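*Asks:* fold the stuff below for me.
(one chain, ligands or ions: 2)
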Amino acid sequence: MDNCIFCKIAAGQIPTTPVYEDDDMIAFNDINPAAPVHVLIVPKQHIPTLADCTPNHTALLGKMMLLAPRLAEQLGCGYQADGTGRGSGGFKTQFNTGPDGGQEVYHLHLHVMGGPRPWRGQR
Ligand code: 5GP
Ligand code: ZN
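*Replies:* Ligands and ions are numbered 1, 2, ... in the order given. I've put the predicted structure just below:
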């Protein structure tokens, strides 16, 4: 997709340092982090929003969601169960969709944000 910043990053046309990459997706640090750890999981295929996804995207979405805890672990904000049912650590996963959802880049991406609850006091 012409003029899509995340397509350009996924295609290697804009240099970035991936924290993860495979045939279907790439993950890299958010340029304007909202948390000590803030990465974006981005499919290489251009899909504008979560609302554009169809059953054909089920496997891709599953892969994106399953990558989130793996990356969080790798980046030091994994969730540790401790047997109490609560545990420690952890991270937030977020898809923003459309203007009222706060979406700025119209290429599907999953935010993974972690650290010591930096969103405390926010919604
Ligand atoms: P959205 O609001 O669309 O859910 O999130 C878009 C995110 O992409 C924002 O958190 C923003 O900081 C990030 N972002 C926008 N442009 C770039 C870029 O060129 N490089 C990187 N690494 N992140 C970007
Ligand atoms: Zn794109």
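*Asks:* could you pull out the helices for this structure?
*Replies:* 5-10, 58-74 (DSSP state H).
*Asks:* out of those helices, which gets nearest to F28?
*Replies:* Ranking the helices of the chain by proximity to F28 (Cβ to Cβ) places helix 5-10 first, at 6.7 Å. (Glycine included, C-beta is placed from N, CA and C.)
*Asks:* give the contact list for the closest residue to F95 other than its chain neighbours.
*Replies:* In space, and not counting its chain neighbours, F95 is closest to L50: 4.7 Å by Cβ to Cβ, 6 or more residues apart in numbering. Taking Cβ atoms under 8 Å, 6 or more residues apart in numbering as the criterion, L50 is in contact with F95, T97, L108.
*Asks:* need the pLDDT of the last one.
*Replies:* At L108 the predicted local confidence, pLDDT, stands at 98.
*Asks:* number of residues surrounding the nearest residue to it once chain neighbours are set aside?
*Replies:* Leaving out its chain neighbours, the residue that sits closest to L108 by Cβ to Cβ, 6+ apart is I47, at 4.3 Å. Neighbourhood size, I47 [other Cβ atoms under 10 Å]: 19.
*Asks:* I figured T16 hits K8, correct?
*Replies:* No - the criterion here is Cβ atoms under 8 Å, and T16 misses it with K8 at 9.5 Å.
*Asks:* model confidence for the closest residue in space to A81 that isn't next to it in sequence, exactly?
*Replies:* Distances taken as Cβ to Cβ, 6+ apart place G87 nearest to A81, at 4.4 Å, with adjacent residues excluded. pLDDT, G87: 92.
*Asks:* cool, G121 as well?
*Replies:* G121 carries a pLDDT value of 59.
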